[in-house]
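Q: give me a model of this one.
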Amino acid sequence: GTGTALALMGAGVIQEATATNGAASASLVNAGTINISANANAVAGSRVVGVGATATTVHGDAYAADSIQTGLGQLVNFSGGVDGTATLKNSGTINITAAANAGGGANAAFTTSTTFGTGTTATTITTPIPGAQAFLQIGVGQIVNAGTGTAVIGAGAAATTGTVAGNALASQTNSGTINIGAKATATGTVAASAVAFVGTGDLQVASASGGNATASIDNSGTLSISAVANATGGAAQGATTTATAAATTSTATPGALAVVGVGIRQVAAATAARTGTGTTTTTGGLTTTFATGALHGDAAVALNNSGTISVGASANAVGTGPAFAAAAVGSGIAQSAFAGGATLGTGATATLVGGNASATLTNSGTINVGADASASASAAMANARVGVGIGQTASAGIGSANVTLTNAASTGTGTGTTATAGFTGAINVGASANAIAATGAASALASVSAGVVQIASGFTANASVVNDGSLSVSANAKASGPAAFASALV
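A: A predicted model of the protein is given here:
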């Protein structure tokens, strides 16, 4: 018979804190072990048909799917508030895993068909359904908002009640181990297909209206984000087909597909908050409103790594028939800082006010961003792609915008008890594709769109890379078979 397994999780751990006119904070300190997992395991059954010498064993099919929306989440001032802080400190182990396994039978891959129209004008579209599906939308997520409130300003007879702005801080410190991943494994004697997907491994969003917004990560341990898909079967490749009365077309789809959308995403947004308004009337009688006062802050994202950060997608497809493996990482690390401004007054006397924006990454450890695809079958295709290894963006309409990447190295100093060890910062961004075909065509494609991207936009702007360590960006493709094609592009 058919084996089916489903595992669904909304959230593993969620902390929510909201303060209507004060400070709200969420804090998680871990020195032990936290395991958050959704596991789906489906094994196909079998039965004997017939008796005696004519008896045969018939194997069923298997389907397994699981999903985690958020592994560990902190929501601060999600519905409004003033100051907001989210803090995660880990010196232990945090495992967040979605795992699906389907096998033991004939098929771990399926299809669904939809027909549009009737008669000679009908079109039927058939799409594949992987037998093993593992989805993790957000591994660790911190979303912090800060707004404005009222407070007593000054003291004594001069004290007044006025508008004050809060600050938003999302902070992570890891000296232990954090593993975030999705893994799908499919096996079938006839067909197998697996998909593993991680939307965002580690997400920080700090948003402040009138105050400062800061998102920071300090990693001296191990932070791993991965998607792994393995498919082994007669056919480890799917297809999307479109059939009409005139013709049928077919496009191959991966039997093993592994995707990481973004490994680490840090976002800080600081917008201006009006504290007073005025009106003016034109000669035509039109009344307009303008700001007479505003609070504004700075936006900053920072990542300091002295440990190991790995973001990877790995797909492996093996078949006696055709096999297609595809692995992709959209962005390994994405940092964005935005500081808005406001116009005070109107006309010739109008002035602009606003904050500064900065995105900073300092590495004295190891950062690996990679996509790896491998296919081996009668005919094989392997595609591996990395969009952007490290992306940094800072935008400040009125103030300064700065993006900085420092990859450090040191030979060490001192001797004996006062000695400090040397280190070499290493940043590796790569895509690797390997296709091996026994009798048919072999195609391997590997590409990296950009290893490092920096964008700074503001009244003053600066983009800086300081590399004293090792910075590597590579694409490698290998194909072997009777008809082989390989392409690597950076």
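
Q: could you list the low-pLDDT ranges of the chain?
A: Across the chain, residues meeting the criterion (pLDDT under 70) sit at 1, 45-50, 55, 57-59, 150-152, 154, 161-162, 411-422.

Q: partner strands of the strand or helix carrying residue 180, with direction?
A: Assessed by DSSP states H and E, residue 180 sits inside strand 177-192. Using DSSP bridges, the strands paired with strand 177-192 in its sheet are strand 93-116 (parallel), strand 222-235 (parallel).

Q: ok, which of these comes nearest residue 293?
A: strand 222-235 (42.6 Å; C-beta to C-beta). (C-beta placed from N, C-alpha, C; glycine too.)

Q: what's downstream of the closest one, the next helix or strand?
A: Once strand 222-235 ends, the next helix or strand along the chain (criterion: DSSP H and E) is strand 237-243.

Q: contacts for that next one?
A: For strand 237-243, the external contacting residues (C-beta atoms under 8 Å, 6 or more residues apart in numbering) are 109, 111, 123-128, 130, 193, 248-255, 317, 319, 321-324, 377, 381.

Q: bridge partners for residue 331, pull those for me.
A: Listed by DSSP bridges, the beta-bridge partners for residue 331 are residue 262, residue 388.

Q: count of neighbours near it?
A: For residue 331, the count of nearby residues is 24 (other C-beta atoms under 10 Å).

Q: what do you get for residue 243?
A: Residue 243 - counted by other C-beta under 10 Å - has 16 other residues nearby.

Q: now do it against residue 3, distance only.
A: 30 Å (C-beta to C-beta, to the nearest Å).

Q: could you dump the strands paired with strand 177-192 to CSV with mean neighbour count and distance to residue 393?
A: Converted to CSV, the strands paired with strand 177-192 look like this (neighbours: other C-beta atoms under 10 Å; distance: least, C-beta to C-beta, whole Å):
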stretch, mean neighbour count, distance to residue 393
strand 93-116, 21, 27
strand 222-235, 26, 20
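
Q: with distance to residue 292 as added columns, please give the ones you listed in TSV.
A: Formatted as TSV, these follow (distance: least, C-beta to C-beta, whole Å):
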stretch	distance to residue 292
strand 93-116	48
strand 222-235	46
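
Q: tell me which of those strands lies nearest to residue 30.
A: Of all the strands paired with strand 177-192, strand 93-116 sits nearest to residue 30, with 6.3 Å by C-beta to C-beta.

Q: wouldn't residue 189 be in contact with residue 234 here?
A: Yes: at 5.7 Å, residue 189 and residue 234 qualify as touching, with contact defined as C-beta atoms under 8 Å.

Q: give me the buried subset of the contacts of strand 237-243.
A: With burial judged by 16 or more other C-beta atoms under 10 Å, the buried subset of these is 109, 126, 128, 130, 193, 253-255, 317, 319, 321-324, 377, 381.

Q: nearest to residue 183, of the residues you listed?
A: Using C-beta to C-beta, the buried ones among the contacts of strand 237-243 come closest to residue 183 at residue 130, 13.0 Å.

Q: any idea how far residue 455 is from the closest one?
A: Distance, residue 130 to residue 455, using C-beta to C-beta: 36 Å.

Q: CA atoms only for stretch 390-410, dumped as CSV, please.
A: What follows is stretch 390-410, C-alpha atoms only, in CSV (Å, rounded to 0.1, in the frame of the first residue of the first chain):
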residue,chain,number,x,y,z
ILE,A,390,27.2,38.9,0.6
GLY,A,391,25.0,41.9,-0.1
GLN,A,392,25.1,45.2,1.8
THR,A,393,22.8,48.1,1.2
ALA,A,394,22.6,51.4,3.1
SER,A,395,20.3,54.3,2.1
ALA,A,396,20.1,57.7,3.9
GLY,A,397,18.2,60.4,2.1
ILE,A,398,19.5,63.2,4.3
GLY,A,399,22.4,61.8,6.2
SER,A,400,25.4,59.6,5.5
ALA,A,401,25.3,56.0,4.1
ASN,A,402,28.1,53.6,4.8
VAL,A,403,28.7,50.0,3.8
THR,A,404,31.8,48.3,5.1
LEU,A,405,33.2,44.8,4.7
THR,A,406,36.3,43.9,6.6
ASN,A,407,38.0,40.5,6.2
ALA,A,408,40.7,40.5,8.8
ALA,A,409,43.9,38.6,9.4
SER,A,410,46.6,38.6,12.1
